[in-house]
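Chemist: have a look at this prediction, sequence included:
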Amino acid sequence: MGIKISILGCGWLGLPLAKSLLAKGYEVKGSTTSESKLDVLKNAGILPFQIQLDEHQIIGNMEDFLKETDVLIIDIPPGLRREVSTSNEMTFVNKVKTLIPFIEKSGIQKVVFVSSTSVYGDSFPIVEITEETKPDPDTESGKQLVIAETLLQSNSYFKTTVIRFGGLLGDDRHPVKFLAGRTNVENPDAPVNMIQREDCIGIIEKSLDFARDDNWEWNQTFNAVAPQHPTRKAYYHKKAEIFHLPLPTFAEDSESKGKIISSEKVETILGYSFQKEI
């Protein structure tokens, strides 16, 4: 295929994405913060780099990691507290600010930034959210993701496609395991907005189909959530039964806040069809 991809962050999503891209003929570089994981990447056929992105410095050979790259995929979760911070600590934003000069210097023209639907806050009454909806985050990670998205998409040296994924699901990852047996869980009637890892990979790969198309507007934003939106109570009760876990009980004494994320743009503009139900 001849397109060279660098994935900054070969973790839960980035590593299987890299393996899938290799199988499709892409050349792939991948980064990890862990020295012990370098062999995992190498054995998978990924050109491995140990890179630590900090607020004010990058430890590792970022220049070679980005060299001769056609598309950089940034997949580094904010890892911040859920509450909105009252301080001025923009930890994740500062990491992105530290990264941007390296991208500019590398000459990379196209970036994919893995973001989250946490950039949209919950509301009552519950409304449908599209890419035209103004972000209004109610978590610290969502707040910093919005700033990071803007920093990347407003840069004149390169263009950035932002993909906002909903709650991430996989064979080894399901939120019901954390809710099992809990009491007084909030927002029982709020819709869930989830996506399976296979569909995350498929959507990123679909966006890469346009990497060589000069007529394609690369600087776009996509919401990516499976089209099923059962209520939290119905969904987590069903999943708890499937996993043979204690049912969570929900607080029924207040109005549920939430949102319904639309992925219509992914389906119509990217032409992607979701493969996995949640």
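Modeler: Yes, it's here.

Chemist: report the buried residues of stretch 205-214.
Modeler: 206, 207, 208, 210, 211 (16 or more other C-beta atoms under 10 Å). Yep, even glycine has a C-beta here, placed from its N, CA and C like the rest.

Chemist: so which residues make contact with that stretch?
Modeler: 3, 5, 17, 20-21, 24, 26, 70-71, 110, 112, 161, 163, 216, 218, 222, 270-272 (C-beta atoms under 8 Å, 6 or more residues apart in numbering).

Chemist: let's see that with 6 Å instead.
Modeler: Contact partners of stretch 205-214, identified using C-beta atoms under 6 Å, 6 or more residues apart in numbering, comprise 3, 71, 110, 161, 216, 270, 272.

Chemist: would JSON lines of those with secondary structure be doable?
Modeler: Below are those laid out as JSON lines (DSSP: H, G, I helix; E, B strand; the rest coil):
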{"residue": "3", "secondary structure": "coil"}
{"residue": "71", "secondary structure": "strand"}
{"residue": "110", "secondary structure": "strand"}
{"residue": "161", "secondary structure": "strand"}
{"residue": "216", "secondary structure": "coil"}
{"residue": "270", "secondary structure": "coil"}
{"residue": "272", "secondary structure": "coil"}
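
Chemist: next SSE after the least confident helix or strand in the chain by mean pLDDT?
Modeler: Least confident helix or strand of the chain, by mean pLDDT, DSSP states H and E, is helix 176-179 with a mean of 91. Per DSSP states H and E, the first helix or strand lying C-terminal to helix 176-179 is strand 194-196.

Chemist: quick check: residue 239 touching residue 177?
Modeler: No: here residue 239 lies out of contact with residue 177, judged by C-beta atoms under 6 Å, at a distance of 9.0 Å.

Chemist: picking up where we left off before, nearest to residue 228, of the buried residues of stretch 205-214?
Modeler: residue 206 (19.7 Å; C-beta to C-beta).

Chemist: that closest one sits in which helix or strand?
Modeler: helix 197-208.

Chemist: can I get the CA coordinates of that helix in PDB?
Modeler: Taking C-alpha atoms only, helix 197-208 is exported to PDB below (Å, rounded to 0.1, in the frame of the first residue of the first chain):
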ATOM      1  CA  ARG A 197     -12.600  -2.200  19.800                       C
ATOM      2  CA  GLU A 198     -13.000  -3.900  16.400                       C
ATOM      3  CA  ASP A 199     -15.200  -1.000  15.200                       C
ATOM      4  CA  CYS A 200     -12.700   1.600  16.600                       C
ATOM      5  CA  ILE A 201     -10.000  -0.100  14.500                       C
ATOM      6  CA  GLY A 202     -12.300  -0.300  11.400                       C
ATOM      7  CA  ILE A 203     -13.200   3.400  11.600                       C
ATOM      8  CA  ILE A 204      -9.600   4.500  11.900                       C
ATOM      9  CA  GLU A 205      -8.700   2.300   9.000                       C
ATOM     10  CA  LYS A 206     -11.600   3.700   7.000                       C
ATOM     11  CA  SER A 207     -10.300   7.200   7.500                       C
ATOM     12  CA  LEU A 208      -6.800   6.100   6.300                       C
END
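
Chemist: mean confidence score for that helix?
Modeler: For helix 197-208, mean pLDDT rounds to 98.

Chemist: centre of the chain to that helix, how far?
Modeler: Between the centre of helix 197-208 and the centre of its chain there are 11 Å (C-alpha atoms, centre = their mean, to the nearest Å).

Chemist: residues touching the nearest residue to residue 190 once chain neighbours are set aside, list them.
Modeler: Leaving aside its chain neighbours, residue 190 sits nearest to residue 258 (2.8 Å; criterion: C-beta to C-beta, 6 or more residues apart in numbering). Shown in contact with residue 258 (C-beta under 6 Å, 6+ apart): 122, 126, 187, 190, 191.
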